[in-house]
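Student: predicted model and sequence follow; I will ask about them next.
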Amino acid sequence: MKDHDYVNFSQDHEKDYHLGLVSKSRSKKNRAFLVEKTQRTAKRKLNKTRITHGEFKPFVIADKPNLDDPQ
C-alpha cells in the first residue's frame with residue numbers, strides 16, 4: 001500500500017476528511033477526539049500501528065454521537 005492509503009493523524013486535513021464523512025464539525029475538539037479516542041480504539045481493536053482510511057471509517061461512524069455537530 002502507498003503512504004496516502006493510511007491515515008496521518010498529524011494532518012488536520014485528514015481528520016477533517018473523516019469528520020466530513022459523518023457531517024460533523026471540523027473543530028479542534030473533534031479532531032482531538034479522533035486522535036485521543038477513535039484512533040486508539042481502532043488501532044487496539046485492529047491490533048495495528050497504522051490504519052487505512054477504510055479501516056478507520058467504521059470507527060468514526062461508531063463515534064459519531066460523541067462528536068459535535070457543525071454550528
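Tutor: Received it, and whenever you're ready, just let me know what you need. Numbers count the residues shown, from 1 in each chain.
Student: these two touch, right, K43 and E55?
Tutor: No. Contact criterion Cβ atoms under 8 Å: K43 and E55 do not qualify, at 9.3 Å. C-beta coordinates here come from the backbone N, C-alpha and C atoms, glycine included.
Student: now do the host helix or strand of D16: everything it contacts.
Tutor: According to DSSP states H and E, D16 maps onto helix 12-21. Helix 12-21 is contacted from outside by 7-9, 25-26, 30-31, 34-35, 53, 56-57, 60-61, 67, using Cβ atoms under 8 Å, 6 or more residues apart in numbering.
Student: buried residues, it. List them.
Tutor: The neighbour-count check on helix 12-21 (16 or more other Cβ atoms under 10 Å) flags E14, K15, D16, Y17, H18, L19 as buried.
Student: the third one and S25, how far apart?
Tutor: Taking Cβ to Cβ, to the nearest Å as the measure, D16 and S25 are separated by 10 Å.
Student: cool, and the first one?
Tutor: With distances taken as Cβ to Cβ, E14 is found 16 Å from S25.
Student: go on, the fourth one?
Tutor: When distance is defined by Cβ to Cβ, Y17 is 14 Å away from S25.
Student: for F59, same thing?
Tutor: Taken as Cβ to Cβ, the span from F59 to S25 is 18 Å.
Student: need the per-residue pLDDT for the most centrally placed residue in the chain.
Tutor: Nearest to the geometric centre of the chain sits L34, at 4.7 Å (Cα atoms, centre = their mean). pLDDT recorded at L34 is 98.
Student: wait, it touches F9, no?
Tutor: Yes. With contact defined as Cβ under 8 Å, L34 reaches F9; the gap is 7.4 Å.
Student: bridging residues for the residue lying closest to M1 once chain neighbours are set aside?
Tutor: Leaving aside its sequence neighbours, M1 sits nearest to T52 (Cβ to Cβ, 6 or more residues apart in numbering; 6.9 Å). Under DSSP bridges, the beta-bridge partners of T52 are Y6.
Student: T52 touches K2, doesn't it?
Tutor: No. Using Cβ under 8 Å as the test, T52 is too far from K2 to be in contact (10.2 Å).
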